[in-house]
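S.K.: quick one, what's the 3D model for this:
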Amino acid sequence: MTLYVNQTNWGGTTGADIVVRESANGPYAFFNVANNEKNKDGSERLTWLRIVVQGKLAEACGKFVGKGSNVYCSGKLASNTYTKDGVTQTVIELRAFEVRFVELKKPAASAASSNEVPY
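M.R.: Have a look, this model is predicted:
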């Protein structure tokens, strides 16, 4: 019996503010998250991963997550291929179904004025 599982967890720091966009299927957003890994020899390796969110999760991320926020994302890895200037590129992204807001850097006016919890 063969079992295929595509679930990945990724935690780190966002590199820029999130922009929420609208499509025919509803809101979506994407942002990059950096993960800094320390090797046995003491050196560090920085890895970036593009995170894609949709629907209400995209709206929540756009409202509460800004540059420098620490987040923990769960989802599935997917590849996205496109052609730019005649060169075909493939990008690996995490299509998140869950984003945990570990440390927020973006002030949320509505959350400050109410007891609303951002998750």
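S.K.: shaky segments in this protein?
M.R.: 106-119 (pLDDT under 70).
S.K.: ok, which stretches of it are helices?
M.R.: Using DSSP state H, the helices found in the chain span residues 55-64, 109-113.
S.K.: nearest spatial neighbour of Glu93, skipping sequence neighbours?
M.R.: Among residues not flanking Glu93 along the chain, Arg50 sits closest, at 4.2 Å (Cβ to Cβ, 6 or more residues apart in numbering). Placement of C-beta: from N, CA and C, glycine included.
S.K.: kindly report the same for Thr83.
M.R.: Gln89 (7.3 Å).
S.K.: got a list of what the residue most central in space within the chain touches?
M.R.: By Cα atoms, centre = their mean, the chain has its centre lying nearest to Ile51, at 3.2 Å. By Cβ atoms under 8 Å, 6 or more residues apart in numbering, the residues touching Ile51 are 10, 30-33, 71, 73, 75, 93-94, 96, 99.
S.K.: mind checking which of these are buried?
M.R.: The neighbour-count criterion (16 or more other Cβ atoms under 10 Å) marks 10, 30-31, 33, 71, 73, 75, 93-94, 96, 99 among those as buried.
S.K.: remind me, longest strand of the chain?
M.R.: strand 87-103 (DSSP state E).
S.K.: parallel or antiparallel, list what pairs with that one.
M.R.: In the sheet, strand 87-103 lines up against strand 44-54 (parallel), strand 70-84 (antiparallel) (DSSP bridges).
S.K.: relative to helix 55-64, how tilted is the shortest one?
M.R.: It stands for strand 44-54. 120 degrees (axes from the mean of the first three to the mean of the last three Cα atoms, to 10 degrees).
S.K.: quick check: buried residues in strand 44-54?
M.R.: 49, 51-54.
S.K.: and if you look at stretch 2-10?
M.R.: By 16+ other Cβ under 10 Å, the buried positions in stretch 2-10 come out as Trp10.
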